[in-house]
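S.K.: I'll drop the sequence and a predicted model, then ask my questions.
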Amino acid sequence: MKEAEDIIKPESQHFIEQAIEKDLSEGKNSGRIHTRFPPEPNGYLHIGHAKAICLDFGMADKYGGKCNLRFDDTNPTKEDVEYVDSIKEDIQWLGFTWEDREFYASDYFGKLWDFAVSLIKRGLAYVDDQSAETISEQKGTTTQPGMESPYRDRTVEENLDLFFRMNEGEFEEGSRVLRARIDMASPNMHMRDPIIYRILKTPHHRTGTKWKVYPMYDFAHGQSDYFEGITHSLCTLEFEVHRPLYDWFIDQLKTDDYRPRQIEFNRLNLTYTVMSKRKLLELVKDGVVKGWDDPRMPTLCGLRRRGYTPESIRRFVDLIGYTKVEAINDVSLLEYAIREDLNKRAPRVFGVINPLKVVITNYPEGATENMEITNNPEDESQGTRRVPFSREVYIEQEDFMENPPHKFFRLAPGQEVRLKGAYIIKCTGLKKNDAGEIAEVQCTYDPATRSGGPDSDRKVKGTLHWVSAAHALNAEVRLYDRLFSDEDPSGHKDIDAREFLNPGSLTILEDCKVEPSLAEAKPLDKFQFQRMGYFCVDYDSKKGNLVFNRIVQLKDTWQKVNK
RNA sequence: UGUCCCGUGGUGUAAUUGGCAACACGUCUGAUUCUGGAUCAGAAGAGUUCAGGUUCGAGACCUGACGGGACAACCA
């Protein structure tokens, strides 16, 4: 009965899937689905791009189509090959492939030029000799129509002559532009004779000095879609007002029934995060963070370094969905996604972040036992490992209190606790240093309570992780907190996001103790430090000098109770 | 005082296209646990921004308010 209901109930689709299926059912573009991901190579990809990538490649995948990678490189003054490589790396890391379809808008400069010439010949484009300021003034405002340029009615011959000479380098940058001749009174600003070509003498990273004029975004994007046979051009909401112009150019270009269709979806916003490339660039340039891949950054390389997996990012994107509502997503959902993934996969280890020495006074001096410990209770196939135990161990400072509150299930004078995978110990005394801080805790152990032993079933309130002092590896641990303390740092009109920078976003602890099995850990290896959270080996880590990034803490109800 | 887009539990999304609001995260119980994790069981929480209208029936359709966002770069 229940099963039957499940079968009947259709998967709910988001509005883009619905639109695609409608197009398919109407037989548009002979049933083809072809999308594209069009980054501008002027910065690193961030998790917002991941949302777009998952959609672009995901829709192609779901409907048996293809997705092109196309670099939108129409502005040589801002773009660089440096970014091309990192963008490709990040897309692949996320798990997507464009096969041999790596394209560049600059591949189409010739075709775009020809199209512009054709528009001129049809009286649909003209060269304007006015300054940027004048053109801007004549554009009108959102509430008032614009004025027509005095150059709007030049002859085709004159336009052609000027346009060719613009590209010959005869004129200075900014002295002339090519404009589409549409409607200066349109309520849509983008239709008021938009500039489609400008003079730029900066060499282009791919075409060198071949061109002196470069197409604007609006004149390149839709046409590139058209040239590549794209059927669905998915982009974010802010391009909604560009769509009439997108369609206008396609109308002038198309020769048969095929036409690409632009559909807009909401971009990703995350709480406590800034997402604009400009703001991220500032953080890097001003040294607020250590680089594009600083583990606090929402860039894909930053998240990767932090320890996020591609699976967790794809899962997160899947959870938030695609709509036309401008929403702000809770980072806690991202954290949920990585915990969910790592819970199943990450091996458990013992790592003590803030060590406190415990001496087990009745344990034989110099003795060592190897305790067999499960690597992952969620996945038996990960097996077990041996962890050395001895008379002196480190536990977490926060796991001991001299005067514990009521529900403190950890170590305190007179109280018993289990050292996970080893023995139950009882606190018998403590030593303080001159400053009055607890320097050492003394305990006795009960040999019969060894895990698997005769009294191992005895109930104790708490179980602690530990590391044998004699065998411990020293490690540096970098604890991260949100970069901004405000939920919506860029959402304040009069306050710069920088005002909300969290001074405690990075804490470096250099005297952490981890179990010896971690000696061979390699950068990007991920572990659960039992009870402490998920950690990832940093690129800075070296054998004998381990460095871990905390990805995320475990859920901690005790911490919550304490607040 | 313009055009366009958008308003569903705290947050993000659903509601098979008009049949009486579902899911996830979060929150809160309880069980269980050699991770105060995980797991399991359960609970609270919206009557869909508001007001009219159409309809036997509206979160979906219409009108108008209100609220939020986008648009006036030779950026993308």
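M.R.: Looks like it arrived, so ask away.

S.K.: what's in contact with stretch A:306-313?
M.R.: A:47, A:50, A:93-95, A:295-296, A:300, A:303, A:334, A:337-338, A:340-342, A:345, A:480, A:524, A:526, A:534-536, A:549, A:551 (Cβ atoms under 8 Å, 6 or more residues apart in numbering). Any C-beta I mention is one placed from the backbone N, CA and C, and that applies to glycine too.

S.K.: After the host helix or strand of residue A:103, which helix or strand is next? Please name it.
M.R.: Using DSSP states H and E, residue A:103 sits within strand A:102-104. Downstream of strand A:102-104, the next assigned helix or strand under DSSP H and E is helix A:109-121.

S.K.: near RNA strand B at all, that next one?
M.R.: No - Helix A:109-121 does not reach RNA strand B (Cβ under 7 Å from any atom of the strand); its nearest approach is 11.6 Å.

S.K.: what packs against that helix?
M.R.: strand A:125-128, helix A:156-168, strand A:177-180, strand A:213-215, helix A:217-228, helix A:243-253 (3 or more Cβ pairs under 8 Å, 6 or more residues apart in numbering; DSSP states H and E).

S.K.: Direction included, what does the strand holding residue A:103 pair up with?
M.R.: strand A:66-71 (parallel) (DSSP bridges).

S.K.: what comes into contact with whichever helix or strand comes after the strand it pairs with?
M.R.: Downstream of strand A:66-71, the first helix or strand assigned by DSSP H and E is helix A:81-94. With Cβ under 8 Å, 6+ apart as the test, helix A:81-94 has contacts from A:37, A:39, A:41-45, A:49-50, A:53-54, A:69, A:71, A:98, A:102, A:205, A:292, A:300-301, A:304, A:310, A:313-314.

S.K.: Please, which helix or strand holds the one residue in chain A that gets nearest to RNA strand B?
M.R.: When scored by Cβ to the nearest atom of the strand, chain A has residue A:451 as its residue closest to RNA strand B, at 2.3 Å. Following DSSP H and E, one finds residue A:451 outside all helices and strands.

S.K.: isn't it right up against residue A:422?
M.R.: Yes - the pair residue A:451 / residue A:422 is scored as a contact, 6.5 Å apart, by Cβ atoms under 8 Å.

S.K.: Now do the shared contacts for the two.
M.R.: With Cβ under 8 Å, 6+ apart as the test, residue A:451 and residue A:422 both reach residue A:371.

S.K.: Which one of these two is surrounded by more residues?
M.R.: residue A:422 (21 against 15; other Cβ atoms under 10 Å).

S.K.: The more buried one contacts residue A:465, doesn't it?
M.R.: No - the pair residue A:422 and residue A:465 fails to qualify as a contact (Cβ under 8 Å) at a distance of 10.2 Å.

S.K.: Tell me the residues of the stretch 251-400 of chain A that contact RNA strand B?
M.R.: A:266, A:319-330, A:332-333, A:336, A:339-340, A:343, A:348, A:376-378.

S.K.: Derive a PyMOL selection command for the buried subset of those residues.
M.R.: Burial among those is assessed by 16 or more other Cβ atoms under 10 Å; the matching PyMOL selection reads:
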select buried, chain A and resi 266+320+322+329+336+339+348+376
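
S.K.: hang on, the earlier thing: phi and psi next, for the residue of chain A closest to RNA strand B.
M.R.: phi -50, psi 130 (degrees, to the nearest 10).

S.K.: And it, what's its pLDDT?
M.R.: What the model reports as pLDDT for residue A:451 is 95.

S.K.: contacting residues around it?
M.R.: A:371, A:421-423 are the contacts of residue A:451 under Cβ under 8 Å, 6+ apart.

S.K.: closest to residue A:556 among these?
M.R.: residue A:421 (21.0 Å; Cβ to Cβ).

S.K.: Return the subset of the contacts of helix A:81-94 lying in helices.
M.R.: Using DSSP state H, the subset of those located in helices is A:49-50, A:53-54, A:300-301, A:304, A:310, A:313-314.

S.K.: Type out the PyMOL command that picks the buried ones from the residues you listed.
M.R.: Selecting only the buried entries of the ones in helices among the contacts of helix A:81-94 in PyMOL, with 16+ other Cβ under 10 Å as the criterion:
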select buried, chain A and resi 49+50+53+54+300+301+304+310+313+314
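
S.K.: Work out for me the element residue A:264 sits within.
M.R.: Counting by DSSP H and E, residue A:264 is found in strand A:261-265.

S.K.: So which elements touch the helix or strand just after that strand?
M.R.: Proceeding N to C from strand A:261-265, the next assigned helix or strand is helix A:277-285, under DSSP H and E. Packed against helix A:277-285, as judged by 3+ Cβ pairs under 8 Å, 6+ apart, are no other helices or strands.

S.K.: and helix A:277-285, which residues are buried?
M.R.: Those would be A:277, A:279-280, A:283-284, for helix A:277-285 by 16+ other Cβ under 10 Å.

S.K.: likewise stretch A:230-238?
M.R.: Quick answer for stretch A:230-238 (16+ other Cβ under 10 Å): A:230-235.

S.K.: what sits up against it?
M.R.: So stretch A:230-238 is in contact with A:16, A:19-20, A:23, A:28-29, A:32-36, A:38, A:52, A:55-56, A:59, A:65, A:68, A:221-222, A:224-225, A:246, A:260-267, A:324, A:326, going by Cβ under 8 Å, 6+ apart.

S.K.: Now, of those residues, which are buried?
M.R.: Counted by 16+ other Cβ under 10 Å, the contacts of stretch A:230-238 give A:16, A:20, A:23, A:28-29, A:32-36, A:38, A:52, A:55-56, A:59, A:65, A:68, A:221-222, A:224-225, A:246, A:260-267 as buried.

S.K.: re the thing from before, going through the contacts of stretch A:306-313, which ones are buried?
M.R.: A:47, A:50, A:93-94, A:295-296, A:300, A:303, A:334, A:337-338, A:341-342, A:480, A:526, A:534-536, A:549, A:551.

S.K.: Which ones among the residues you listed lie within helices?
M.R.: Using DSSP H, the buried ones among the contacts of stretch A:306-313 in helices are A:47, A:50, A:93-94, A:300, A:303, A:334, A:337-338, A:341-342.

S.K.: Just give me the closest of these to residue A:486.
M.R.: residue A:334 (17.4 Å).

S.K.: what sits against the closest one?
M.R.: Counted by Cβ under 8 Å, 6+ apart, residue A:334 has contacts A:47, A:270, A:308, A:312-313, A:316.

S.K.: Now the helix or strand residue A:444 falls within: buried residues?
M.R.: Using DSSP H and E, residue A:444 sits in strand A:438-446. Under the neighbour-count criterion of 16+ other Cβ under 10 Å, strand A:438-446 has A:441-445 buried.
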